[in-house]
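> I'll drop the sequence and a predicted model, then ask my questions.
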Amino acid sequence: MDDGRVLEGRGWSSVGDPEAWFGPATSVGYLQPGRIMPVYLAFPRPVPAELRREYGQDDWECISDVLAAFGVPADARWVIEPGGPAVPVVACLPHGGLDFPAGLADTLAVSPEILWSDWLTRELYAFLPELGITAITTTFSRFVADVNRDPSAEQHGGFWTSVVAARMPNGRAVYQRPLTQTEIRHRILLAHTPFHQALDRVIERLLLRFPRVLLLDLHSFGAGLDGDVILGDRRGVTARPAAVRLLVGALATAGLDVRLNQRFAGGWTVRRFAGHEQVDAVQVELNQRRYLDLERRRYPGPPPLGAFDATQRLLRLALADVAAQVISGLGG
């Protein structure tokens with residue numbers, strides 16, 4: 001602490017030292033069902049005067065400034081860097097997180113454990129750094145703030161349309177009461193804004209080295225739809241035909257049944273890049289039946305694994321092919 005480093009500490013209470021300063025919980029960990037352990041940021045003593053402030057909801061937006069003041073990269077918790085030389089491919093993993101900050105959970109009408117997720121997508125695509133692909137990810141549940149929704153559009157309503165969903169897909173209320181505008185803004189600043197800031201910085205950085213970037217927004221679906229993978233480019237709006245053909249070909253060659261713009265044509269993340277001259281943005285929806293055993297799921301628990309390892313191998317094969325073709329210019 002004395003050397004100015006920021007440490008992540010896990011604990012149930014303060015250390016009783018009035019000089020120590022503990023920031024607001026930045027995520028939660030689950031030790032066992034029903035027992036939530038907050039994760040705090042602990043800062044060195046003495047705390048700089050400009051950072052001595054009484055905690056309030058609006059302070060959440062200052063977390064990145066606090067981290068920067070102590071030398072922690074702003075994107076450290078959002079970006080998974082490649083393990084070797086980077087390729088001009090960025091992957092978003094927006095809905096695999098499960099964390100629901102303890103300080104926000106008191107308004108929930110349901111247990112955080114039953115909130116929907118793109119189950120295990122972060123684990124399924126854990127190989128991305130080995131391929132040189134930069135990943136943007138989040139540990140937060142999509143019910144804190146959905147990063148694939150437009151924050152300037154519907155704020156607090158239906159699951160499919162709101163940045164802070166008030167209802168689950170089946171219509172069940174998520175909260176005991178409607179959230180206030182301050183609470184909604186708080187959630188957006190906590191979980192939505194930094195995700196997209198990190199995404200933009202990574203793309204800008206790669207465009208300094210490469211003429212084009214391929215953005216893959218990685219999701220999964222449990223609905224009873226045909227196909228293993230559904231690609232969405234807003235029907236030709238967010239990606240060039242050559243980039244989509246490259247993806248279709250690589251996935252199909254790996255043995256996956258690929259569909260295009262069926263039900264999932266692309267959400268707000270890929271729409272943000274519509275018309276960008278140097279970015280091809282495609283939403284990639286993987287059928288959960290490829291890697292989970294949905295028939296044996298028992299609510300409220302997550303689905304058990306199905307052909308997880310086999311599907312992961314196919315995805316790795318396909319995305320290695322994509323990375324190799326993009327870096328060689330065959331996607332242009």
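Yes, it's here. Numbers count the residues shown, from 1 in each chain.

> C-alpha from now on. contacts and neighbour counts both.
Noted.

> where does the protein have low pLDDT?
The chain contains residues with pLDDT under 70 at 1-76, 300, 330-332.

> may I see the buried residues of the longest helix that the chain contains?
Longest helix in the chain by number of residues, with DSSP state H as the criterion: helix 308-328. Neighbour counts over helix 308-328 (16 or more other C-alpha atoms under 10 Å) mark 308, 311-312, 314-327 as buried.

> also stretch 276-296?
Buried residues in stretch 276-296 (16+ other C-alpha under 10 Å): 279-294.

> equivalent analysis for stretch 109-125, please.
Under 16+ other C-alpha under 10 Å, the buried positions of stretch 109-125 are Pro112, Glu113, Leu115, Trp116, Ser117, Asp118, Trp119, Leu120, Thr121, Arg122, Leu124, Tyr125.

> out of these, which sit inside helices?
Thr121, Arg122, Leu124.

> hang on, the last one packs against Arg313?
No. Counting by C-alpha atoms under 8 Å, Arg313 is not a contact partner of Leu124; they are 9.5 Å apart.

> domain ranges for the chain?
7-69, 79-328 (automatic domain parsing).

> tell me the most buried of these?
Burial of these is given as mean neighbour count (mean count of other C-alpha atoms under 10 Å); domain 79-328 ranks first at a mean of 19.

> can you give me the end-to-end distance of that domain?
Taking C-alpha to C-alpha, to the nearest Å, domain 79-328 runs 25 Å from one end to the other.

> measure how far it is from the centre of its chain, please.
How far domain 79-328 lies from its chain's middle: 6 Å, per C-alpha atoms, centre = their mean, to the nearest Å.

> quick check: closest non-adjacent residue to Val258.
Spatial nearest neighbour of Val258, chain neighbours left out: Val229 (4.8 Å); criterion: C-alpha to C-alpha, 6 or more residues apart in numbering.

> can you map out the helices along the stretch 151-300 of the chain?
Counting by DSSP state H, counting those that start in this stretch, one finds helices in the stretch 151-300 of the chain at the ranges 181-187, 193-207, 241-253, 268-271.

> can I get those helices in a markdown table including distance to Pro129?
Below are the helices of the stretch 151-300 of the chain laid out as a markdown table (distance: least, C-alpha to C-alpha, whole Å):
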| stretch | distance to Pro129 |
| --- | --- |
| helix 181-187 | 29 |
| helix 193-207 | 14 |
| helix 241-253 | 18 |
| helix 268-271 | 21 |
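
> of all residues in the chain, which one is nearest the centre?
Of all residues in the chain, the one closest to the mean position by C-alpha atoms, centre = their mean is Pro94, 2.6 Å from it.

> if I pick it, what's in contact with it?
Ile136, Thr137, Thr138, Arg142, Asp146, Val147, Asn148, Asp217, Leu218, His219 (C-alpha atoms under 8 Å, 6 or more residues apart in numbering).

> kindly recompute the last result at 6 Å.
Thr137 (C-alpha atoms under 6 Å, 6 or more residues apart in numbering).

> out of the buried residues of stretch 109-125, the closest to Gln262 would be?
Asp118 (18.2 Å; C-alpha to C-alpha).

> do I have it right that the closest one meets Leu93?
No. Asp118 is beyond contact range of Leu93, at 9.1 Å (criterion: C-alpha atoms under 6 Å).

> for stretch 129-147, C-alpha coordinates in PDB please.
C-alpha atoms of stretch 129-147 as PDB (Å, rounded to 0.1, in the frame of the first residue of the first chain):
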ATOM      1  CA  PRO A 129      -6.200 -14.400 -26.600                       C
ATOM      2  CA  GLU A 130      -4.200 -17.400 -28.000                       C
ATOM      3  CA  LEU A 131      -5.400 -16.500 -31.500                       C
ATOM      4  CA  GLY A 132      -4.400 -12.900 -31.200                       C
ATOM      5  CA  ILE A 133      -8.000 -11.700 -30.800                       C
ATOM      6  CA  THR A 134      -8.600  -8.900 -28.300                       C
ATOM      7  CA  ALA A 135     -11.700  -9.400 -26.200                       C
ATOM      8  CA  ILE A 136     -14.000  -6.900 -24.500                       C
ATOM      9  CA  THR A 137     -15.800  -8.500 -21.600                       C
ATOM     10  CA  THR A 138     -17.700  -7.800 -18.400                       C
ATOM     11  CA  THR A 139     -18.400  -9.600 -15.200                       C
ATOM     12  CA  PHE A 140     -21.600  -7.700 -14.600                       C
ATOM     13  CA  SER A 141     -25.000  -9.300 -15.200                       C
ATOM     14  CA  ARG A 142     -26.800  -7.900 -18.200                       C
ATOM     15  CA  PHE A 143     -29.500  -6.900 -15.700                       C
ATOM     16  CA  VAL A 144     -27.300  -4.300 -14.100                       C
ATOM     17  CA  ALA A 145     -27.100  -2.600 -17.500                       C
ATOM     18  CA  ASP A 146     -27.300  -4.300 -20.900                       C
ATOM     19  CA  VAL A 147     -24.400  -3.200 -23.000                       C
END
